[in-house]
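> Sequence and predicted structure, then a few things I'm wondering about:
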Amino acid sequence: MRVVLTGGIATGKSHALARFAVHGVPTSDADRWAHEAAAPGGPAWQDLRDRFGPAVFDAEGRVDRRRLGDVVFADDAARADLNAIVHPRVRAAITNWFTGLERHPGHRFGIVAIPLFFESARAESFDRVIVTACGHPAQVARVVARGFSRDEAERRIAAQWPTAEKTRRADCVIRTDGTLADTDRQVDAIHRALAALSAA
């Protein structure tokens, strides 16, 4: 089974993914694949350099994610160009990852975190979609805690689909407004359900 974990920025995806890994579930993260694609020598690096110029790179030639974010969250066309460069490479990496899992019969399902799953057109199919969600005030506060201004936080949240629409389309929802223990209990319950489903 191919399972995707998604949700808005700062809604607890990383914690939920780590909790699934505690149960021995193979996990991956689209952000990691995106970082590798954009790294010096990576398959997206030159295209990013050609499109956005040296201003969004540091002295070592690495993408400065904060500078690039300032550009793409202020310009819809720039954000679309970024996605067009990076997303195909990420999708190919995810497909290869799942194909590798299929060679190991002990793994009945794997979970990949894809932050922009709903926002990006994709040809792949997934058996289940899990969404992490929290209230808007909590989400803004978490983004601000990462070092962004409130306006920057609001722009980043507004650039993604509304949480209500994501939860409407989800097979499972993990509410992260409460304690980490509350989140863990929800993840554990979903893990049990997926394990039973994949065994069947």
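Cool, got the structure. As the structure is a prediction and not an experimental result, all values here were calculated from the model.
> Which residues are in contact with the most centrally placed residue in the chain?
In the chain, the residue lying closest to the centroid (Cα atoms, centre = their mean) is residue 115, at 2.5 Å. Residue 115 makes contact with 6-9, 13, 30-31, 160 under the criterion Cβ atoms under 8 Å, 6 or more residues apart in numbering. From N, CA and C alone the C-beta is placed, and that goes for glycine too.
> the longest helix in the chain is where?
helix 76-102 (DSSP state H).
> In PDB, could you pull the C-alpha coordinates for stretch 43-63?
Output of stretch 43-63 as PDB, limited to C-alpha atoms (Å, rounded to 0.1, in the frame of the first residue of the first chain):
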ATOM      1  CA  PRO A  43      19.300  17.500 -11.000                       C
ATOM      2  CA  ALA A  44      17.400  20.700 -10.400                       C
ATOM      3  CA  TRP A  45      20.300  22.900  -9.300                       C
ATOM      4  CA  GLN A  46      21.200  24.400 -12.700                       C
ATOM      5  CA  ASP A  47      17.500  25.000 -13.700                       C
ATOM      6  CA  LEU A  48      17.000  26.900 -10.400                       C
ATOM      7  CA  ARG A  49      20.100  28.900 -11.000                       C
ATOM      8  CA  ASP A  50      19.000  29.800 -14.500                       C
ATOM      9  CA  ARG A  51      15.500  30.800 -13.400                       C
ATOM     10  CA  PHE A  52      16.100  32.600 -10.100                       C
ATOM     11  CA  GLY A  53      19.700  33.800 -10.400                       C
ATOM     12  CA  PRO A  54      22.500  33.900  -7.900                       C
ATOM     13  CA  ALA A  55      20.600  36.100  -5.400                       C
ATOM     14  CA  VAL A  56      18.900  33.100  -3.900                       C
ATOM     15  CA  PHE A  57      22.100  31.100  -3.500                       C
ATOM     16  CA  ASP A  58      24.700  31.300  -0.700                       C
ATOM     17  CA  ALA A  59      28.400  31.600  -1.100                       C
ATOM     18  CA  GLU A  60      28.800  27.800  -1.400                       C
ATOM     19  CA  GLY A  61      26.300  27.600  -4.100                       C
ATOM     20  CA  ARG A  62      23.500  26.200  -2.000                       C
ATOM     21  CA  VAL A  63      19.900  27.400  -2.300                       C
END
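> buried ones in that stretch?
Across stretch 43-63, burial judged by 16 or more other Cβ atoms under 10 Å covers 43-45, 47-49, 52, 56-57, 63.
> I appreciate the help and will end here.
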